[in-house]
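Chemist: Generate coordinates for the sequence data below:
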Amino acid sequence: MAQHIDYGSLMHRAMRTLIREVLQGIQKTGEMPGEHRFIITFDTLHPDVEMADHLSDRYPGEMTIIMQHWFQNLDVGDEGFAVTLSFGNVPEPLYIPYDAITTFADPSVEFGLRFETQETDDEDEIADAPMAEDAEPEEAPRKDAEVVSLDKFRK
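Modeler: Numbering: from 1, shown residues only. Next comes the predicted model:
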């Protein structure tokens with residue numbers, strides 16, 4: 001029997017399941033309801049990410065996509081999802097495993113998830129916070145990252 005409960009891994013799995021279920025709902029209807037939009041950042045170096053070479057060259061390490069008005073061929077699977085998005089008016093297919101996602105946000109309802117990795121033996125931990133300028137708890141250690149307000153994306 002394990003010596004401890006791995007809450008970090010359990011939360012990761014639960015939050016990635018949430019993302020999958022939300023995307024499955026969008027796949028069924030073929031469009032975003034209301035003003036919803038997804039801002040998804042993922043690790044382009046993840047071994048199972050599939051994207052055109054010119055995109056991976058342009059976005060080494062990390063890429064952020066927005067799913068709102070135009071997307072095609074959304075195919076949601078157990079391990080990840082495929083979608084075709086427009087880059088400079090050129091449709092490009094992507095495959096993104098859920099494990100490659102580092103942030104998932106829907107600013108229309110101030111919902112966001114951030115998957116953080118740690119340099120320890122512990123599994124990744126997840127933090128979910130409202131999308132606001134002060135989303136980081138005060139007691140959290142400062143990381144080498146930039147906090148960006150999503151207000152500029154709102155209409």
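Chemist: Can you mark which positions in stretch 73-88 are buried?
Modeler: Buried residues in stretch 73-88, counted by 16 or more other Cβ atoms under 10 Å: Leu74, Val76, Gly80, Phe81, Val83, Leu85. Yep, even glycine has a C-beta here, placed from its N, CA and C like the rest.
Chemist: same deal with stretch 16-26?
Modeler: Applying 16+ other Cβ under 10 Å to stretch 16-26 flags Arg16, Ile19, Arg20, Val22, Leu23, Ile26 as buried.
Chemist: Nearest to Gly112, out of those residues: which one, please.
Modeler: The nearest member of those to Gly112, counting by Cβ to Cβ, is Ile19 at 11.5 Å.
Chemist: Please, which helix or strand holds Glu21?
Modeler: helix 7-29 (DSSP states H and E).
Chemist: How far away from the center of its chain is the helix or strand just after that helix?
Modeler: The helix or strand immediately downstream of helix 7-29 is strand 38-43, counting by DSSP H and E. Centroid separation for strand 38-43 versus its chain: 4 Å, with Cα atoms, centre = their mean, to the nearest Å.
Chemist: and if you look at stretch 88-100?
Modeler: Distance of stretch 88-100 from its chain centroid, counting by Cα atoms, centre = their mean, is 12 Å.
Chemist: what do you get for stretch 62-74?
Modeler: Per Cα atoms, centre = their mean, the centroid offset for stretch 62-74 relative to its chain is 11 Å.
Chemist: what do you get for stretch 45-58?
Modeler: Distance, centroid of stretch 45-58 to centroid of chain: 16 Å (Cα atoms, centre = their mean).
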